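Trainee: Build me a model from this:
(2 chains)
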Amino acid sequence: MAVDTLLERITDYANRPDPYPLYAELRAAGVVRQTDGSYLVGTYSEIVALLHDPRISVDRRNLAAPYRGWVDEDQSVSFILLDDPEHYRLRSLAMRPFGPPHSPGRIDAMRGEIAGITEDLIEALDGRTRIDIVDDFAYPLPVTVICRLLGVPREDEPTFREWSAMIIDSVDIKPGEDPTGRQRAGGQARAEMGRYLVDLAEQRRGHPSDDMLSAFVNDTDPAGRLTREELATTAVLLFVAGHETTVNLITNGVLTLLRHPDQLDRLRHQPDLLPNAVEELLRYEPPVHLRPRTPLANIDVAGTTIPKGASLVLVTASGNRDPKRFRDPERFDPTRRDNQHLGFGSGVHICYGAPLARIEAQIALGALIPRLGTATLVQDPPPYRHNAMLRGPRHLPIEL
Amino acid sequence: MPGDLRQGRIVIVGASLAGLRAAETLREEGFTGSLTVVGDEPYPPYDRPPLSKQVLLGKVAADATGLPMRRDPDAQWRLGVRATGLDPVGKRVLLADGQSLPYDRLLVATGTRARPWPDPREAALEGVFTLRTCDDAGCLAERLAAGPRRVLVIGGGFTGSEIASVCRERGLEVTVAERGAAPLVGALGGTLSKFAASVQRAHGVDLRCGVTVTALRGNGRFTGAELSDGSRVDADVCVVAMGAVRNVEWLADSGLAASSQGIACDAGCRAFDRYGIVTDDVFVAGDVARFPHPLFDYQMLSLEHWGNAVAQAEVAAHNMVSSGPLRRPHLAVPVFWSSQFGLNIKSVGVPTFSDEVVIAQGSLSDGRLVAVYGYRGRITAAVTINMAKWLEYYQGLIETAAPFPPGPGAADGRPLVAEFSVPSNVPDPKGLFHGPTVALTGHLPDYRLAVGRPAG
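Mentor: Predicted structure coming up:
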C-alpha cells in the first residue's frame, strides 16, 4: 500500500491489535510525508538522534498553522509540552519530592506499600476462575499507587477517571480528523482536574502530610516553589501519566507472557529475570507508541528535509523493533542484553515516572506469575483501547 | 590462521579498567588459551573516578570501588607484582619477583601514576598527598575527615578542582594554586575556565591563579607552602594534583615507541617499535596509549578517560584474536565527565583542538550551558554544564565534521549568544602539532597547567 497513508493505517483502530507489520513497512519506506502533511520516523537511530536534537520542539505552539489544531493561548501547559529552559525548570521542581537529588529514596521506599496493594488485589481474586486483568488488577494497582503518592482520595475515582480519559483522548493522534472538539474537551478536563488537585494541595498548606501534593505546597526553599498555575498543570500531568501508562505495561506484560508460555514458565522458575523481562516488555510491547514533535528549523533526516513547523511523529515502538539495532527484534526474549529500548523515550523528556513504573511492573508481574499456571486467554487479540499513542488492551479476560 | 589466534598465551600488563575489560572481551570473543593479568597494586581491578568524589567525601570506603566483572575472565591474576621489563624477541614479560611470563600476544595497559612533587624531601613531608590509587584516596579521606584547618591543592585541573570541591562540601578551608589564568583552562579553554573560577570563588575556594608553588615547608610535618608571588599559604594538608605520568619506564629497553607521552600504536591498538614499524604481537590500550584519530587530523591522542580505556581495550582485545580484515579501528570520540561544586561537566570531542567557541544552549548566568568548540570552521568538541542529556546531538556533529558554528534553532539557544563565537583561547593546535611537546597529549584533565616543571 502507499507509504503516505502509513499514519492513517497505524492510527486506524482496526490495526490496534497488531501495528507491527506497519512499523516494518515504515522502516523500509524511510521518512515519508503523510497524506495529512505529517512526517513519520520509525528507525531507531533516527529517532534517537531527533530525541537529542535541540532543534526539535515538543511545544505545540511551534507547529505551523495547518497542524496546530486547537490551542488555548490562555491555558498554561505542563512540562511534557514545554521546551527548555521552562521544561527544565518545571521538571526539576516536580522532581524535588519524587527523585534524586532531593528525594533519592522516595520511590524505592514505596516497594513495600506497592507489594501490599498488589497482595490485596490478588487476594480479592481468590476463588474466581475468570478475571479481567485490566479491571481487576492492572488498572486499580497503579491508580491506587499514584493516589497515595500524590495524596488523592481513592474514592474520588469516578470523577477523575472521566477527566483522565478526556485528557488522553485529546492528545491522541488521529489524522484527517478535526481535533478541535476533543482538544477543547481535554482543555476543560485539564482545568477541572487542575482545580481539584490544587484544592487538595491547598488543604495541606501548613499541615504537611507525606504525599507529593503536600510537598509541593510546603516546600520551604523559595527556589523550589511552583506557582498555583504550575502546580495545577504539573499535578494533572503526573496524575494522568501515572495512571494511563503503567496499566498498559502490566496488561501487555500478562498478554505477552500468556502468548509465550515457555517464557512464562521460565520466569516462574527464575524470578531474578523479572527486572530484565520488564525491560524487554518495554521494548517489545511498550505502553507508549508515538511521540509528537515539531522542528524549529528545516532539518534533514535520512535524506528527507522536514520543514520547520511540520508535524513530526516519532514511532518509538517501531524503533524498538528495528533490526538494525536489536538482534531478532520480533522475538520476545526476557534474557535480552544490550536493550536500550525507547519504551521510556530518551533525551531530556525521558519518562519522569520511569523508576516508579519499573517497580510497579516488576512487583505486579512477580506477584501474578505464580497464579498464571494454567491461565489461558479468553480472547486473542483482546479488545484494545482506542488510543493509538498510549496503546494497550481495554480488557484482558483470562481463565484461571 | 584465525583459528590459532583464539588459542595460545596472552599476557595483559595492567590490572585496572582497561586490563579487566580487555580480559573479559578476549573471552567473549572466544579466546580459549591461557590468560595472565599482571598488576602492581595488590587489589583486583577497581574504579578510580569515585576516588576524588564519593571516597573523599566519606560516602564510600576507599576499598569499595571494585569494578564489577561482566563475566569471569578465567585469568591468572598476578597482583602486587610490577612488570620490570620486556623481551620482545624472546617474547617474555619480566617481573619484579624475578620470574618471567612467556606470551604469544601481549597487551600493555599500565596506565599512569600521579605526577609526584619534584622535590622528594618536600614530597615526603607528612601531610603531603597525591591522589591516584585507592590507598592514596583512603589516606587522604582520613585526613580530610580529621578536619584540617586548611588544605592546599596544587593544580586546578579536574582532579585538583574535584578535591577542592570535596573540601568545601566538608566545610574545610581550601586554597587552590593554579599556574594558568584559571582552573580547567588547559582542558576547556579560556571562556569556560573563567566560569570555573567564578564558581570556585562563589563556593569559598581561596583560588590563586597565575602562580606556582616554589617550596613546601615543614619540619617532618607539612605546615605551608611558598608561592611564586612571594606569598605564603599556611595549611596542614597539601594535595599535589599536577597531572599524571605515564607508566612506560619498564619498556625503556624494549625497543617499543614508548616515551613520556605514552606508547605509540596504530588505530588498531598495535604498538609501534621505535623505528615506527608496527608490531603484530604487542597491543596497547588505556591511558598509556597514543593513537592516531582521524577526526583530529590523525594527531596522536593520549587520553586519560574512563570511556576511552573501555573502548580501546575492547578494540585491542578484538584485534588480538582477529586477523587481517576482521580487525577494527579504535574510532571512539573522546568523552569525559567531572562533578564538582554541584556541577555536572561533560565533554565530547577534544576541546583543546579548537580556535573558537560559542554557547549554543543555555547561558553562563543560568549555570547550565552547552559550549561548542570549532576549529577552522568545523565542530570539534562540545562541553555541557548541567546539560549532559544534549551531548549526543553534538557528538553526532563532531563525528560528521559539521560546520562551525552550529546552525540556529535550538529551543533554548539565545540567538545573540549563539551567533557570535569568541576565541576559545587554547594554545593554537597548529602550533602544538609540530612542537617538541606533542600536542593533545596534555589536553586532559589534570594536566597541562598544573605546576609542572619544564623538562630539563
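Trainee: for chain A, what are the nearby residues on chain B?
Mentor: B:360-362, B:366, B:368, B:370, B:389-393, B:396, B:407-413 (CB under 8 Å from any CB of the partner chain). (Each C-beta comes from the backbone N, C-alpha and C, glycine too.)
Trainee: So what's the residue count around residue 278?
Mentor: By default, I'm working from chain A. Other residues near A:V278 come to 23 when the count uses other CB atoms under 10 Å in any protein chain shown.
Trainee: ah, I was thinking of chain B
Mentor: Count around B:V278 with other CB under 10 Å applied: 14.
Trainee: Tell me the spacing between the residue in the stretch 101-250 of chain A that chain B sits nearest to and B:S339.
Mentor: Proximity of the stretch 101-250 of chain A to chain B (CB to the nearest CB) peaks at A:P101, 9.0 Å away. Per CB to CB, to the nearest Å, A:P101 is found 11 Å from B:S339.
Trainee: about what we covered before: now the residue of the stretch 101-250 of chain A closest to chain B: which helix or strand?
Mentor: Using DSSP states H and E, A:P101 sits in no helix or strand.
Trainee: Correct me if wrong: B:Y373 contacts B:T380.
Mentor: Yes. If you go by CB atoms under 8 Å, B:Y373 and B:T380 touch, sitting 5.5 Å apart.
Trainee: re earlier: the more surrounded of A:P101 and B:S339?
Mentor: The residue with more neighbours, out of A:P101 and B:S339, is B:S339; 16 against 9, by other CB under 10 Å.
Trainee: ok now do the nearest residue to the more buried one once chain neighbours are set aside, which residues does it touch?
Mentor: Using CB to CB, 6 or more residues apart in numbering or on different chains and skipping the chain neighbours, the partner closest in space to B:S339 is B:K53 (6.1 Å). Counting by CB atoms under 8 Å, 6 or more residues apart in numbering or on different chains, B:K53 touches B:162, B:166, B:339.
Trainee: what about the spatially most central residue of chain B, which SS state?
Mentor: Centroid-nearest residue in chain B, with CA atoms, centre = their mean: B:E304, separated by 2.2 Å. On the three-state scheme (DSSP: H, G, I helix; E, B strand; the rest coil), B:E304 is labelled coil.
Trainee: who's in contact with residue 36?
Mentor: Assuming you mean chain A. A:7-8, A:175-176, A:311.
Trainee: not what I meant, chain B
Mentor: B:9-12, B:75-78, B:101, B:103.
Trainee: In strands only, show me the residues you listed.
Mentor: Per DSSP state E, strands hold the following members of the contacts of B:T36: B:9-12, B:76-78, B:101.
Trainee: Out of those, which end up buried?
Mentor: For the ones in strands among the contacts of B:T36, a burial check counting by 16 or more other CB atoms under 10 Å in any protein chain shown picks out B:10-12, B:77-78, B:101.
Trainee: Need those residues in CSV (columns: pLDDT).
Mentor: Shown next, in CSV, are those (pLDDT from 0 to 100):
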residue, pLDDT
B:I10, 98
B:V11, 98
B:I12, 98
B:W77, 98
B:R78, 98
B:L101, 98
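Trainee: out of these, who's nearest B:L295?
Mentor: Minimum distance to B:L295 across these is 27.9 Å, recorded for B:I12 (CB to CB).
Trainee: Could you double-check that that closest one lies in contact with B:R21?
Mentor: No. The criterion here is CB under 8 Å, and B:I12 misses it with B:R21 at 10.2 Å.
Trainee: where does the stretch 251-400 of chain A dip in pLDDT?
Mentor: Scanning the stretch 251-400 of chain A for pLDDT under 70 picks out nothing.
Trainee: Close to chain B: what parts of it are there?
Mentor: Residues of the stretch 251-400 of chain A that fall close to chain B, judged by CB under 8 Å from any CB: A:295-297, A:299, A:308, A:347-348, A:350.
Trainee: rewinding a little: weed out the non-buried ones from the residues of chain B next to chain A.
Mentor: Using 16+ other CB under 10 Å as the burial test, the residues of chain B next to chain A include B:360-362, B:366, B:368, B:370, B:389-393, B:396, B:409-413 as buried.
Trainee: Sort out for me which of those residues are in strands.
Mentor: In this view, these that belong to strands under DSSP E are B:360-362, B:368, B:370.
Trainee: closest to chain A among the residues you listed?
Mentor: Set against chain A, the nearest of those by CB to the nearest CB is B:Q361 (5.6 Å).
Trainee: pLDDT at that closest one, what is it?
Mentor: In this model, B:Q361 is scored at 92, pLDDT.
Trainee: wait, it sits on B:P408?
Mentor: No. Counting by CB under 8 Å, B:Q361 stays clear of B:P408, with 11.2 Å between them.
Trainee: now the residue in the stretch 301-400 of chain A positioned nearest to chain B, nearest residue through space, not along the chain?
Mentor: Going by CB to the nearest CB, chain B is nearest to A:V348 of the stretch 301-400 of chain A, at 4.8 Å. Distances taken as CB to CB, 6+ apart put B:K389 closest to A:V348, at 4.8 Å, once the chain neighbours are dropped.
Trainee: what residues are up against that neighbour?
Mentor: Contacts of B:K389 (CB under 8 Å, 6+ apart): A:52, A:347-348, A:350.
Trainee: can you check B:L369 too?
Mentor: For B:L369, the contact set (CB under 8 Å, 6+ apart) comprises B:359, B:361-363, B:384-387.
Trainee: swap in B:I263?
Mentor: B:108, B:246, B:248, B:251, B:256-257, B:271-272, B:284, B:288-290.
Trainee: Of the contacts of B:K53, which is the nearest to chain A?
Mentor: B:S339 (11.1 Å).
Trainee: can you give me the mean pLDDT across the strand or helix carrying the closest one?
Mentor: Using DSSP H and E, B:S339 sits in strand B:335-340. The pLDDT scores in strand B:335-340 average 95.
Trainee: for stretch B:392-405, same thing?
Mentor: 88.
Trainee: buried ones in that stretch?
Mentor: Those would be B:392-398, B:402, B:404-405, for stretch B:392-405 by 16+ other CB under 10 Å.
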